[in-house]
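> take a look and give me a structure for this.
(one chain, ligands or ions: 2)
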Amino acid sequence: MNRSLFRPHPRPSGAMLLTGILLTTGAIAFGDDAASGSVDKQLHAALEQAGFTGKIQSTLVPRLGRPIDTRLADLGRLLFFDVSGGLHDDNTCGGCHSPSAGLGDTQSIAIGVQNNLIVGPHRTGPRNQRRTPSAANTAFYPNLMWNGRFSAPSGDPFNNSAGFVFPAPEGSTLFPPNDPVIKHLLQAQAFIPPTELVEVAGFTGTKFTIGPRFDQFDDGKGRTVPPPDASGFRNEPIRQAVLTRLNGTPNYRQLFGALFPTVAAGGPIDFTMFGRAIAEFEFTMVFADAPLDKFARGDDNAMDSSAKKGGLIFFGKGKCVSCHTVSGKSNEMFSDFQMHNIGVPQIAPFFGVGQGNVIFDGPGEDEDFGLEQITGKSADRYKFRSSPLRNVSLQPAFFHNGAFTRLEDAVRHHLNAADSARRYSPVNAGVDLDLTYRIAPVELVLAALDPGVSTPLHLDIDEFEHLVAFLKRGLLDERAIPRRLCELSPSSVPSGMPVLSFENCKRQRD
Ligand code: HEC
Ligand code: HEC
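Ligands and ions are numbered 1, 2, ... in the order given. This is a model prediction of the structure:
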């Protein structure tokens, strides 16, 4: 109702008019204190209406039903940063989920295997297909990934009563209901990254060890791609190969042995142990106590005035909360965990040897079909999950492909998606050079735009700045900043293999 076309003098709705009058008369008649009091009041009311309590972080341990096991979490941390879990010897979780970027990507589109062991702006290597979302706060996500393909059908990641569902080949078979060991969605999810050929496994290691390295597999157009038959059946053999490594590393035998009696007694390290350690580390990576949470709990000084006004727009006129939900199953993560097409421009890596190792969708192989990749329904084309927005200001790029590198541009895109997509220039958007050459046509994307963003929304300059301030400062939990998270990356790892070099962490230390 508050969305107006770009008319010279948009006719405000009743609610808007009322808010406007309250704000301005408050400021004039009663001075600044009264005005800020009124903003506080309105924001508290808006939060209450949206179902936001600011208490989500305190629910972690009760919902786990046990305290966090700090020794297990620390083992998970070592695994998170040790390239020995990746059969290609050059990548691990931390290479993409970087402590210098809030445990998200340093790139617009992730670079996995065949990288230069650098994590930061100077990372090189073939690109995959999407930007790495942050691993922080994922303990609260009812589904994972840009297209939600790993999910807890119970609607609650802490509840395995309906099992956990993955795409084929795992489907719903690997994690059946009420499994006594795998109880949280993240414990299950950790089974997947080590098997991803383009992320960490490379094209060697299992069935494909016979013959030359498959890194240089050529698709006939001079590009490096996975072997054509590299479908899911390989996952289990890859996991076994990773376990052979862990079991062959005395340091890991000792570390797992200290936590798992069966290992101490000489039994093997298995993948559930790997998954539980990684997930435990992720449980310690919950940074959901932002100024907005403190404000919601009653500390009116936790947010500055601009961020508060931006909050009113986020929950009000901007209707951002209609997709970036905070109530119920969203666990106050600022996402409805549904997929929408919001008309994000499509960029793809430069067409050439070594520039990309995933074949993109569409006739030009420069598109990403998003949810359709999982459901097979053309109506789901170009749909991606509403991004959870906590700690968003720590990201160097935005959207599923990092098409924008400034938060302001990502917000502006929402205000008039069609216009933004049609005018899009990757150079102006600041993406890396190799991503500036191939832009897929955008009209088909725009033809299926989500109604929630299809009508342009006008914000004046002040309103826009407040909204950005809300996202930047209101939703930032300071514990996730690089200076803090960089301390997590070990200077050596149990396997003795080389450690990744985090560019922006070094700068922090110097
Ligand atoms: C090559 C880069 C790369 C590596 C290495 C990697 N990830 Fe990811 N991760 C991604 C990308 C890209 C996505 C989103 C994929 C998609 O939606 O298609 C993702 C998604 C996730 C998510 C879901 C986040 C969300 O918002 O839903 C979690 C959790 C996660 N990864 C954890 C891990 C763990 C744990 C490891 C190591 C065992 C790991 N990742 C290794 C790139 C990587
Ligand atoms: C119709 C649903 C919808 C509405 C309304 C909406 N968003 Fe989004 N938003 C999304 C989706 C979907 C994405 C991810 C799109 C993608 O990557 O392809 C997203 C991504 C974002 C991102 C980028 C975050 C990241 O990690 O990449 C920001 C910032 C954002 N939204 C802010 C806002 C703001 C501010 C508003 C209100 C003005 C808003 N959104 C309204 C659905 C919506």
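> can you report how many residues lie near the residue lying closest to Ser492 once chain neighbours are set aside?
Closest residue in space to Ser492, ignoring its immediate chain neighbours: Val499 at 6.4 Å, by CB to CB, 6 or more residues apart in numbering. (Each C-beta comes from the backbone N, C-alpha and C, glycine too.) Applying other CB atoms under 10 Å, we find 16 other residues in the vicinity of Val499.
> quick one, strands of the stretch 201-350 of the chain?
Residue ranges of the strands in the stretch 201-350 of the chain, as given by DSSP state E, counting those that start in this stretch, are 339-340, 347-348.
> where among these is the average confidence lowest?
Mean pLDDT values for the strands of the stretch 201-350 of the chain show the minimum at strand 347-348, a mean of 95.
> any idea how far Phe315 is from Thr59?
Thr59 sits at a distance of 21 Å from Phe315 (criterion: CB to CB, to the nearest Å).
> who has more neighbours out of these two?
Phe315 (23 against 15).
> quick revisit: most packed of the strands of the stretch 201-350 of the chain?
strand 347-348 (a mean of 26; mean count of other CB atoms under 10 Å).
> relative to ligand 2, which of the strands of the stretch 201-350 of the chain is closest?
Ligand 2 lies closest, by CB to the nearest ligand atom, to one member of those: strand 339-340, at 4.0 Å.
> wait, Asp90 sits on Val83?
Yes: using CB atoms under 8 Å, Asp90 is in contact with Val83, at 5.9 Å.
> re earlier: now distance to ligand 2 too, for the strands of the stretch 201-350 of the chain, in a markdown table please.
Shown next, in a markdown table, are the strands of the stretch 201-350 of the chain (distance: least, CB to the nearest ligand atom, whole Å):
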| stretch | distance to ligand 2 |
| --- | --- |
| strand 339-340 | 4 |
| strand 347-348 | 12 |
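> before we move on, the earlier item: residue contacts, the residue nearest to Ser492?
Phe81, Val83, Ser489, Pro490, Ser491, Ser492, Val493 (CB atoms under 8 Å, 6 or more residues apart in numbering).
> of those residues, which are in range of ligand 2?
Among those, proximity to ligand 2 is found for none (CB under 6 Å from any ligand atom).
> which parts of the stretch 201-350 of the chain are helices?
For the stretch 201-350 of the chain, the helices defined by DSSP state H, counting those that start in this stretch cover 235-247, 250-257, 261-264, 271-284, 291-296, 305-315.
> of all these, which lies closest to ligand 2?
Nearest to ligand 2, of these and by CB to the nearest ligand atom, is helix 305-315 at 6.0 Å.
> in the closest one, what counts as buried?
By neighbour count on 16 or more other CB atoms under 10 Å, the buried set for helix 305-315 is Ser306, Ala307, Lys308, Lys309, Gly310, Gly311, Leu312, Ile313, Phe314, Phe315.
> quick revisit: which one, of the strands of the stretch 201-350 of the chain, ends up nearest to Asp432?
Across these, Asp432 has its closest neighbour in strand 347-348 (9.8 Å, CB to CB).
> who does that closest one touch, helix- and strand-wise?
Applying 3 or more CB pairs under 8 Å, 6 or more residues apart in numbering; DSSP states H and E, we find strand 347-348 packed against strand 438-439.
> next SSE after the strand it packs on?
helix 443-447 (DSSP states H and E).
> what's around the closest residue to Gln355 other than its chain neighbours, how many residues?
Using CB to CB, 6+ apart and skipping the chain neighbours, the partner closest in space to Gln355 is Pro349 (4.5 Å). For Pro349, the count of nearby residues is 25 (other CB under 10 Å).
> again with Tyr382
27.
> again with Leu394
Around Leu394 there are 22 other residues, counting by other CB under 10 Å.
> now it: how far from ligand 1?
The gap separating Leu394 from ligand 1 is 14 Å, by CB to the nearest ligand atom, to the nearest Å.
> go on, Arg63?
17 Å.
> element containing that residue?
Judged by DSSP H and E, Arg63 forms part of helix 60-64.
> now for that helix, which elements pack on it?
Secondary elements touching helix 60-64 (3+ CB pairs under 8 Å, 6+ apart): none.
> list of residues touching that helix?
Here helix 60-64 makes contact (CB under 8 Å, 6+ apart) with Pro67, Ile68, Ala139, Phe140, Asp156, Phe158, His184, Phe283, Val286.
> using CSV, write down the CA coordinates of it.
The C-alpha coordinates for helix 60-64 follow below in CSV (Å, rounded to 0.1, in the frame of the first residue of the first chain):
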residue,chain,number,x,y,z
LEU,A,60,20.7,-21.7,21.2
VAL,A,61,21.7,-23.9,24.2
PRO,A,62,18.1,-24.7,25.4
ARG,A,63,17.2,-25.8,21.9
LEU,A,64,20.4,-27.9,21.6
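> so for that helix, what gets flagged as buried?
Neighbour counts over helix 60-64 (16+ other CB under 10 Å) mark Leu60, Leu64 as buried.
> once you drop chain neighbours, what's closest to Pro176?
Beyond its immediate neighbours in the sequence, the residue positioned closest to Pro176 (CB to CB, 6+ apart) is Gly163, lying 4.9 Å away.
> and for the residue of the stretch 351-500 of the chain found nearest ligand 2, the neighbour number?
Closest approach between the stretch 351-500 of the chain and ligand 2, counting by CB to the nearest ligand atom: Gly452, at 2.7 Å. Residues near Gly452, counting by other CB under 10 Å, number 17.
> kindly report the same for Ala241.
Neighbour count for Ala241, taken as other CB under 10 Å: 18.
> equivalent analysis for Phe260, please.
For Phe260, the count of nearby residues is 20 (other CB under 10 Å).
> over to Ser420?
If you count neighbours by other CB under 10 Å, Ser420 ends up with 24.
> poorly predicted segments of the stretch 351-500 of the chain, please.
Low-confidence segments of the stretch 351-500 of the chain (pLDDT under 70): 351-354.
> so how far is Ser84 from the residue most central in space within the chain?
Closest residue to the average C-alpha location of the chain: Pro133 at 2.1 Å, with CA atoms, centre = their mean. Separation of Pro133 from Ser84 (CB to CB): 24 Å.
> can you check Asn235 too?
Taking CB to CB as the measure, Asn235 falls 18 Å from Ser84.
> Phe360 now?
31 Å.
> thinking again about what came up before, quick one: the following helix or strand past the helix holding Arg63 to helix 235-247, angle?
Note on helix 60-64: by DSSP H and E, the next helix or strand toward the C-terminus is helix 70-81. Helix 70-81 runs at 110 degrees relative to helix 235-247, counting by axes from the mean of the first three to the mean of the last three CA atoms, to 10 degrees.
> what's the next secondary structure element after helix 70-81?
Counting by DSSP H and E, what follows helix 70-81 is helix 93-96.
> give me every residue that touches the residue nearest to the centre of the chain.
Contacts for Pro133 (CB under 8 Å, 6+ apart) come out as Gly104, Asp105, Met145, Trp146, Ser387, Pro388.
> want to throw these into CSV with distance to Asn301 and secondary structure?
Converted to CSV, the contacts of Pro133 look like this (distance: CB to CB, whole Å; DSSP: H, G, I helix; E, B strand; the rest coil):
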residue, distance to Asn301, secondary structure
Gly104, 29, strand
Asp105, 34, coil
Met145, 38, coil
Trp146, 37, coil
Ser387, 29, coil
Pro388, 26, coil
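> count of residues packed around the closest residue to Thr132 other than its chain neighbours?
Sequence neighbours aside, Asp105 is the residue nearest to Thr132 in space, at 3.6 Å (criterion: CB to CB, 6+ apart). By the criterion of other CB under 10 Å, Asp105 has 25 neighbours.
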